[in-house]
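# Provided below for reference: sequence and predicted model.
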Amino acid sequence: ESKKKAAFGSVGRRIPYRILHVINQDGESLGNMHRAEALKLMDQHDLKLVLLRENVEPPVYRLMTGQQIHEEQLKRAEKQKASPKPGMVQKELSFSSAIAKNDLETKTKQIAQWIEKKYHVKVTIRQAK
């Protein structure tokens, strides 16, 4: 994930590849072109070249405005927050609203133990009839 974010963060003129696949700001493919042509296009339209996919041949770059770049970074940050981190354990506990007092105390102790172990805990309470 951090590689994708770093790759997305590389914006501007430092392009290590000679041949690029360029996509315009509307998402239409402009095809493969030389780095110099892509930079000319970038300057003409006052846009920035952003690396989207590095592991393909040729690498895919997109022409974007500053606003588009900002929105894409926000989307990626939101997606990263939503997905559980590798190695992160998530525990889920579900019980009825008509749970007996003793059972509730037992489950509360279990939740407290999980939180001490730094687990993410998700509690679902179902409404009794």
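On my side now, so go ahead.
# Please work out how many residues are found near V22.
Neighbours of V22 under the rule other C-beta atoms under 10 Å: 21. Where C-beta positions appear, they are placed from N, C-alpha and C, glycine not excepted.
# Now it. Nearest residue, chain neighbours left out?
L30 (4.5 Å; C-beta to C-beta, 6 or more residues apart in numbering).
# One more: S94?
T124 is the one closest to S94 (C-beta to C-beta, 6+ apart), at 4.2 Å.
# Isn't that neighbour up against L93?
Yes - counting by C-beta atoms under 8 Å, T124 touches L93, with 7.2 Å between them.
# so which strand or helix has the residue minimising distance to the centre of the chain?
Centroid-nearest residue in the chain: R76, 3.1 Å away (criterion: C-alpha atoms, centre = their mean). Assigned by DSSP states H and E, R76 falls within helix 66-82.
# quick one: the strands in the protein?
Secondary structure of the chain (DSSP state E): strands at 19-23, 29-34, 48-53, 60-64, 90-96, 120-126.
# follow-up on the earlier one: any idea of the mean pLDDT in the helix holding R76?
Mean pLDDT, computed over helix 66-82, is 82.
# got the contact list for stretch 119-126?
84, 88-97, 111, 114-115 (C-beta atoms under 8 Å, 6 or more residues apart in numbering).
# and what of stretch 88-97?
With contacts defined as C-beta under 8 Å, 6+ apart, stretch 88-97 is touched by 84, 103-104, 107, 110-111, 114, 117, 119-128.
# List buried residues within the residues you listed.
Neighbour-count burial (16 or more other C-beta atoms under 10 Å) is assigned, among these, to W114, V121.
# burial measure for L49, as a count.
So L49, with other C-beta under 10 Å, has 22 neighbours.
# so it makes contact with Y17?
No - when contacts are counted by C-beta under 8 Å, L49 is not listed as touching Y17 (10.8 Å).
# remind me which residues of this structure are low pLDDT?
Along the chain, the parts satisfying pLDDT under 70 run over 1-13, 84-87.
# Got the domain ranges for it?
Domain ranges of the chain: 19-82, 90-126, per the TED database.
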